[in-house]
Structures are given as C-alpha cells and as structure tokens.
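K.L.:
next one to model:
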Amino acid sequence: MKQTLILLTVVSIFSLYSVHLLLKTANEGGSLLYEQLGYKAFGLVGKLAASGSITMQNIGAMSSYLFIVKYELPLVIKALMNIEDTTGLWYLNGDYLVLLVSLVLILPLSLLRNLGYLGYTSGLSLLCMVFFLIVVICKKFQIPCPMEAALIINETINTSLTQPSALVPDLLHNVTENDSCRPHYFIFNSQTVYAVPILTFSFVCHPAVLPIYEELKDRSRRRMMNVSKISFFAMFLMYLLAALFGYLTFYEHVESELLHTYSTIVGTDILLLIVRLAVLMAVTLTVPVVIFPIRTSVTHLLCASKDFSWWRHSLITVSILAFTNLLVIFVPTIRDIFGFIGASAAAMLVFILPSTFYIKLVKKESMKSVQKMGALFFLLSGILVMTGSMSLIILDWVYNAPGGGH
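P.N.:
Presented below is the predicted three-dimensional model:
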C-alpha cells in the first residue's frame, strides 16, 4: 500500500511539474498546439515526435475502453439473460461483441465531423468513475476475507466426510493466520515493472492542457495551474482510494482489471451489474471522442493543405478503429497495453517533450539557471524511466508467459 501511495504521489507531482513547463513554453514559444511547439523546437522531427506520441497515447486509451467492453459486456449479457451454460454462444464471446459494438455504435458516432456531445460524455464518465469508486469502497466491507480461506474450508468439508463441523472455526482461524488477509506494504515481482508506466499513462492529460488553456476565460498561467492542481488532486485521490480498497478487498487475488475480479471471485449482484452498465455506456461513448484527436493529427500530418474529403475522413476513421480492435483481440491483457504505452508515449508526453521544448524555446533563461537545470534533470529522469521501464517490460514478455488476468 505504501508502494502505491509513494508512486502515485511522485508521478502526480512530476506530471503537474511537466504541465508547468508546457504552459511556460507555450507562452514563450507563441503556440498553444503541442505539435506546433514540437515543430518550432525541432522542425519536422519534433512535430512527428509530438504527433506520434499523442496518437499512441490515444490509441492506448481507446484500447483500454474496448478492453472493458470485451470483458464486461459478456458478463452483463449473461447476468441479464440468466445464462448458465455459455458454451458455443457467439454473443457471449468478447471478441465478437467488441467488433459488433465498434461497427454498430462507435463507428457511426466517430464518422461525425464535430463531436458536440464531448461535454456530456466527459461528465458521464466522471460520474461513472465516482459511482465505481463508491461501490469499490462499499464492497470492501461486504466481501469476507480471505476468499482463499473459504475455498479451503469448502474443499476440506467436501472431501472429508468425517470432518467435525465444530472444527470449522478452528480451521478458519488457522487459515486466516497466513498472509491471505495481511496487506503487504511493498511488493516486488514480475508485475511491478508495469506500475510506473501504468501510473504515468493514467496522469497524461498534456495534449488537452493547451486547448483548455486557450479556451479559458481571463486566461493566465497561474489560473490554469490552479485548474491543473485541483484536477490532479481529484484524480490522485480517486486512483488512491480505488487502488487501496480494491487491494484490501482481494489482496493477492486482485486482477489487472479490478471490476472483473468481482465476477471471478464473488459473482455478480445487482449493484455490480448497474456499475457495469454505467461503465460500458461511458466508455462506448468516449471512444469516438478519443478517435477525434487521432484523426485530426493524422489528417494534419498527411493532408494538411487539402480540402475536407468524406472518403479520406471515413478511411482514416475505419483504419484507426480497425487497428485498435486488432490490438484488443490479440493482445493478452490490458496491462500489456497500459505498460507499453505508458513506458513509451506517456513518458514522452509527461517527461521528455515538455522538458526538451522548455530547454529549446525558453530563451530568456540561461542553461545555468535553476529553471533550466530543473528541466534538464526532469529530462534525464524521463529518459531513465522510459528506457528502464521498456527494458523490464520486454524482459517480462520474454521470460514470463502471458498471465491469465484481464
């Protein structure tokens, strides 16, 4: 638990500092577009680096949303239809369902030129996250621990007909004496290498900071930083509470996708079903919003001087959605996408690009100033995080078989 608290605190502070660098660079560099800052700093290479990182980050976000559809929609259908035997039923296959949702719901919404419902979907997503957090906290006090103890007791009673029922409390006491219900403050294993990249991924908001800054009434860097501090603190608190109560509910049994853990271990009740429906609705409506900046970035890179074409617009949209569906179908777990994108694109957007843009474009400060030295240290930290995380993740892929968790 302390490990999560330390990592969350460090990553959130670093992310907030990078927003500070980005806003200051935007004022000095004379542009409120991330890609344009890259072009002013390093020409076409800088523009491609910024655009590519934003595209990868958004594809990672899309993949995470579609992963939720893939793993949660079959459980919702199964619960609503009260189906016990799922053998051979195509409509309970997550791969088929994610393709169906993409074609029937996501693609038509993504083909729209303007996404006027952006504010509604963002608000709905936030409400769903708050609702999910409340349920996670409540379930901590409803689910007995350890689950492993109950399984051992049931197995013992079923296999030993001579087992006196009076010994069950003693058996439960003996099982609970092990580590099943004791929190481990620091855990290091093959999955720990994903912690920093996933947390970095979760705090990336930098491509949206400059457009929001541009739209801010009575715009000032101080006011935007105050908005950022409030937003980062709210996200920090929600991530911390969800991680803390999720871990204290299942301990070492918690899976990569927390909501799926409830179905695996304790089944589905009406409250969890409502949570699943709300989350599925939110992520389905959010995917077209995430496609929009990817398509804009690709169009700007390839066809910046050409007039709008529905054929080109549709082709880019279908290609993005098809590629993301392939990732979701063939990548074993959501953890792999979070880890890879977090170690590459997220590290670029949080650490490397803001610091390099600041060093290059802010001319009024010398390289020996405290501000520039801080940016240089931040850049080196980002390179270390990126290379270290990528190396460890690749080693984990090579030497460890894909996990069964979602």
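K.L.:
make it CA atoms for all contacts and neighbour counts henceforth
P.N.:
Fine.
K.L.:
under the pLDDT cut-off, which ranges of this protein? List them.
P.N.:
1-2, 85-86, 114-122, 145-180, 185-192, 256, 266-268, 304, 401-406 (pLDDT under 70).
K.L.:
all strands of it, in order?
P.N.:
For the chain, applying DSSP state E gives no strands.
K.L.:
distance of the residue positioned nearest the centre of it from Pro211?
P.N.:
The residue lying closest to the centre of the chain (CA atoms, centre = their mean) is Ser202, at 4.9 Å. Ser202 is 19 Å from Pro211, where distance means CA to CA, to the nearest Å.
K.L.:
now Ala41
P.N.:
19 Å.
K.L.:
how about Met235?
P.N.:
Met235 is 20 Å from Pro211, by CA to CA.
K.L.:
which helix in this structure runs the most residues?
P.N.:
helix 44-81 (DSSP state H).
K.L.:
returning to that earlier point: more crowded one of Ala41 and Pro211?
P.N.:
Ala41 (21 against 13; other CA atoms under 10 Å).
K.L.:
show me the contacts for the closest residue in space to Thr249 that isn't next to it in sequence.
P.N.:
Sequence neighbours aside, Lys140 is the residue nearest to Thr249 in space, at 4.9 Å (criterion: CA to CA, 6 or more residues apart in numbering). Applying CA atoms under 8 Å, 6 or more residues apart in numbering to Lys140 gives the contacts 245-246, 248-249.
K.L.:
can you give me phi and psi for Asp307?
P.N.:
Main-chain dihedrals, Asp307, degrees, to the nearest 10: phi -70, psi 160.
K.L.:
ok, Arg276 touching Val76?
P.N.:
Yes - Arg276 lies in contact with Val76 (CA atoms under 8 Å); the separation is 7.0 Å.
K.L.:
gap between the longest helix of the chain and the chain center?
P.N.:
9 Å (CA atoms, centre = their mean, to the nearest Å).
K.L.:
go on, stretch 307-327?
P.N.:
Worked out by CA atoms, centre = their mean, stretch 307-327 lies 23 Å from the chain centre.
K.L.:
kindly report the same for stretch 387-400.
P.N.:
19 Å.
K.L.:
among the contacts of Lys140, name the ones in helices.
P.N.:
Per DSSP H, these map to helices at 245-246, 248-249.
K.L.:
considering the residues you listed, which possesses the most neighbours?
P.N.:
Counting by other CA under 10 Å, top hit in the ones in helices among the contacts of Lys140: Thr249 with 24 neighbours.
K.L.:
separation between that residue and Ile134?
P.N.:
On the measure of CA to CA, Thr249 and Ile134 end up 14 Å apart.
K.L.:
and what of Phe245?
P.N.:
From Phe245 over to Ile134 (counting by CA to CA), the distance is 10 Å.
K.L.:
same thing with Tyr91?
P.N.:
Distance, Tyr91 to Ile134, using CA to CA: 30 Å.
K.L.:
can you check Ile13 too?
P.N.:
25 Å.
K.L.:
of the two, which one has the most company?
P.N.:
Ile13 (17 against 14).
K.L.:
in contact with that one: list those residues for me.
P.N.:
No contacts exist for Ile13 under CA under 8 Å, 6+ apart.
K.L.:
give me that answer again for 10 Å
P.N.:
7, 19, 203, 229, 232-233, 236 (CA atoms under 10 Å, 6 or more residues apart in numbering).
K.L.:
next one: Tyr91
P.N.:
Contacts of Tyr91 (CA under 10 Å, 6+ apart): 73-74, 77-78, 97, 100.
K.L.:
check those residues and tell me the two furthest apart.
P.N.:
Using CA to CA, the pair of the contacts of Tyr91 lying farthest apart is Lys78 and Leu100, separated by 16.7 Å.
K.L.:
of these two, who's got more company?
P.N.:
Between Lys78 and Leu100, counting by other CA under 10 Å, Lys78 is the more crowded of the two (16 against 13).
K.L.:
surely that one is in contact with Gly94?
P.N.:
No - using CA atoms under 10 Å, Lys78 is not in contact with Gly94, being 11.8 Å away.
K.L.:
shared neighbours of the two, anything?
P.N.:
Joint contacts of Lys78 and Gly94 (CA under 10 Å, 6+ apart) are Glu72.
K.L.:
quick check: Gln142 vs Leu272, distance?
P.N.:
13 Å.
K.L.:
who has more neighbours, the two?
P.N.:
Higher neighbour count among Gln142 and Leu272: Leu272, with 19 against 9, using other CA under 10 Å.
K.L.:
with adjacent residues omitted, what lies nearest to the more buried one?
P.N.:
Val135 (7.8 Å).
K.L.:
could you measure from that neighbour over to Leu241?
P.N.:
For Val135, the distance to Leu241 - CA to CA - is 11 Å.
K.L.:
now Leu199
P.N.:
14 Å.
K.L.:
cool, Ile68 as well?
P.N.:
Counting by CA to CA, the gap from Ile68 to Leu241 is 20 Å.
K.L.:
so between these two, which is more surrounded?
P.N.:
A direct count of neighbours by other CA under 10 Å for Ile68 and Leu241 places Ile68 higher, at 23 against 17.
K.L.:
isn't that one right up against Ile329?
P.N.:
No - applying CA under 10 Å as the test, Ile68 and Ile329 come out as separate, 11.9 Å apart.
K.L.:
between the two, what contacts are shared?
P.N.:
With CA under 10 Å, 6+ apart as the test, Ile68 and Ile329 both reach 94, 98.
K.L.:
return the residues in contact with Arg113.
P.N.:
292, 308, 310, 313.
K.L.:
thought the last one was touching Thr296?
P.N.:
Yes - applying CA under 10 Å as the test, His313 and Thr296 come out as touching, 9.4 Å apart.
K.L.:
find the residues that touch each one of these two.
P.N.:
With CA under 10 Å, 6+ apart, His313 and Thr296 have no common neighbours.
K.L.:
follow-up on the earlier one: tell me the one of the contacts of Arg113 nearest Ile393?
P.N.:
So of the contacts of Arg113, ranked by how close each gets to Ile393 (CA to CA), first place is Phe292, at 29.6 Å.
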